[in-house]
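*Asks:* My questions concern the predicted model and sequence given below.
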Amino acid sequence: MAKKLSKRYRAAAAVGKLDATYTVAQAVELLAKMPAPKFDETVEVSANLGVDPKQSDQMVRGTVSLPNGSGKKIRVLVFTDDAPAALAAGADAAGLADIIDKINGGWLDFDVAVSTTPAMKEVRKVARVLGPRGLMPNPKSGTVSDDIAKTVKEVKAGRIEFKMDKTANLAVVVGKRSFAQPQLVENIEAALAALVKAQPASFKGRFIKSLTLSATMSPGVKIDTKPYGTVVEQA
């Protein structure tokens, strides 16, 4: 049985041709014309990639510092032996053995976990808890650092981590519906530049197969991939 679409969704879909592709600026403008709910929707860009998720050398992950922030209050946990310094730097929670015990007890009231390099030996004890939830600190995502003050500041300011799933799909939060259109455009361009930069060196072919811009309760608006993807002719 087909899912019944809401009146707002149908009205949003009628704003423009959703089977067409648009530039980032055009897509943001179209999204802005759609009826909005009573809450401030999260806006994200979704991508379908041409890589093979089964190949370890074709994993796609990275970070982007959004110029205008994400619009979300990020709760940061720091694994460190110097909790007072981390808390003074803006962390919402900090510690090591005590925090690990809390996590093993089911506590997960944070959005991003950061760790100092020495603390990672202990943090691995909760890898089975944090890993599946995408919360495990990782050097590749910039969440293992010995400059905790700088890292916490960047994460709080809008540094977003992205990671491809097992079906070669990936989504990046780029802001809130309440953002001015130029702010959203700037954030999206930064996110797409970071995604292009994350293309595996071993991959040859069409890296970005499709791009879609959407808000929490809106239809998707297709973004033209040509400015962001490259096609290499196969021998």
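*Replies:* It's in.

*Asks:* Buried residues in stretch 100-107, which are they?
*Replies:* Within stretch 100-107, the residues that qualify as buried by neighbour count (16 or more other Cβ atoms under 10 Å) are 100, 102-103. Quick note: C-beta positions are derived from backbone N, CA and C, even for glycine.

*Asks:* and what of stretch 141-158?
*Replies:* Neighbour-count burial for stretch 141-158 flags 141-145, 148, 151-152, 154-156, 158 (criterion: 16+ other Cβ under 10 Å).

*Asks:* swap in stretch 191-211?
*Replies:* Residues of stretch 191-211 classed as buried under the neighbour-count rule (16+ other Cβ under 10 Å) are 191-192, 194-195, 198-200, 203, 207-208, 210-211.

*Asks:* what is the mean pLDDT for it?
*Replies:* Regarding stretch 191-211, the rounded mean pLDDT is 92.

*Asks:* which of the buried residues of stretch 141-158 sit farthest apart?
*Replies:* When Cβ to Cβ is used, the two most widely separated members of those are Val144 and Gly158, lying 19.5 Å apart.

*Asks:* Please flag which of the buried residues of stretch 141-158 sit within helices.
*Replies:* Among the buried residues of stretch 141-158, the residues falling in helices (DSSP state H) are 148, 151-152, 154-156.

*Asks:* Export the residues you listed as TSV, with columns for distance to Val60 and pLDDT.
*Replies:* Putting those into TSV (distance: Cβ to Cβ, whole Å; pLDDT from 0 to 100) gives the following:
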residue	distance to Val60	pLDDT
Ile148	27	94
Thr151	22	93
Val152	26	93
Glu154	21	88
Val155	20	89
Lys156	25	88
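
*Asks:* ok, back up a step: going by distance to Ala27, which of the buried residues of stretch 141-158 wins?
*Replies:* Distance to Ala27 across those (Cβ to Cβ) is lowest for Gly158, with 20.3 Å.

*Asks:* Could you dump the buried residues of stretch 100-107 into CSV and include pLDDT and distance to Pro227?
*Replies:* Rendered in CSV, the data for the buried residues of stretch 100-107 read as follows (pLDDT from 0 to 100; distance: Cβ to Cβ, whole Å):
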residue, pLDDT, distance to Pro227
Ile100, 96, 45
Lys102, 95, 46
Ile103, 96, 42
